[in-house]
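K.L.:
Sequence and predicted structure below; questions after.
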Amino acid sequence: MARIEKGDRVFIHKPTQTFPAADKLKPSFWLANADEPMPPDDYRPDDPNRIRRWYWRNPGHNFDFYVIGIADKDFIRSGRHPAEVFSPDGAWNWAFSHRGWCALPFASYQSGSFKFYFGWRERGNFGIKLTF
């Protein structure tokens, strides 16, 4: 993934892997995690159910990244702090991920322990977060 300097208003995303449309039509693909199919060694090392818990930790990973997301495509992201989810200065951040004629929006806000975001993040995946 090539990134322009953080102070710039644009960065270019280059995917590390791609998936055919036929895979993206299968619900079994939606519920998998192509990026980390097995848990790392430090994830619940003494838990006999660690692999099952790993799958339930984020069952929609491929759906968010590769079905409704564009993480497996080249795109250009522009905005206030396009390489970041949250603004380094706090408060609002916004960006658009541009792929062809399509511009996918993203907005986030951070103040103290309150965090919110909605839209297509810096890696091309769709996400929603709200914490207090």
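P.N.:
Good, I have the coordinates. Residues are numbered from 1 along each chain as shown.

K.L.:
C-alpha from now on. contacts and neighbour counts both.
P.N.:
Fine.

K.L.:
Tell me the strands beside the worst-scoring helix or strand of the chain on mean pLDDT, with direction?
P.N.:
Least confident helix or strand, the chain: strand 10-13 with a mean of 81, by mean pLDDT, DSSP states H and E. According to DSSP bridges, strand 10-13 forms sheet pairs with strand 75-79 (antiparallel).

K.L.:
What segments of the protein are strands?
P.N.:
Using DSSP state E, the strands of the chain run over residues 10-13, 75-79, 91-99, 102-111, 114-120, 126-131.

K.L.:
Kindly export the least confident helix or strand of the chain (C-alpha atoms) in CSV.
P.N.:
Extracted in CSV, the C-alpha atoms of strand 10-13 (Å, rounded to 0.1, in the frame of the first residue of the first chain):
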residue,chain,number,x,y,z
VAL,A,10,-4.5,12.7,-0.8
PHE,A,11,-3.2,9.1,-0.6
ILE,A,12,-3.2,6.2,-3.0
HIS,A,13,-4.3,2.8,-1.9
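
K.L.:
how far is it from where the chain is centred?
P.N.:
Put simply, strand 10-13 sits 14 Å off its chain's centre (CA atoms, centre = their mean, to the nearest Å).

K.L.:
For this protein, give the helix that spans the most residues.
P.N.:
The single longest helix within the chain, with elements called by DSSP state H, is helix 50-57.

K.L.:
Outside of that one itself, list whatever touches it.
P.N.:
Here helix 50-57 makes contact (CA atoms under 8 Å, 6 or more residues apart in numbering) with 32-33, 38-39, 43-44.
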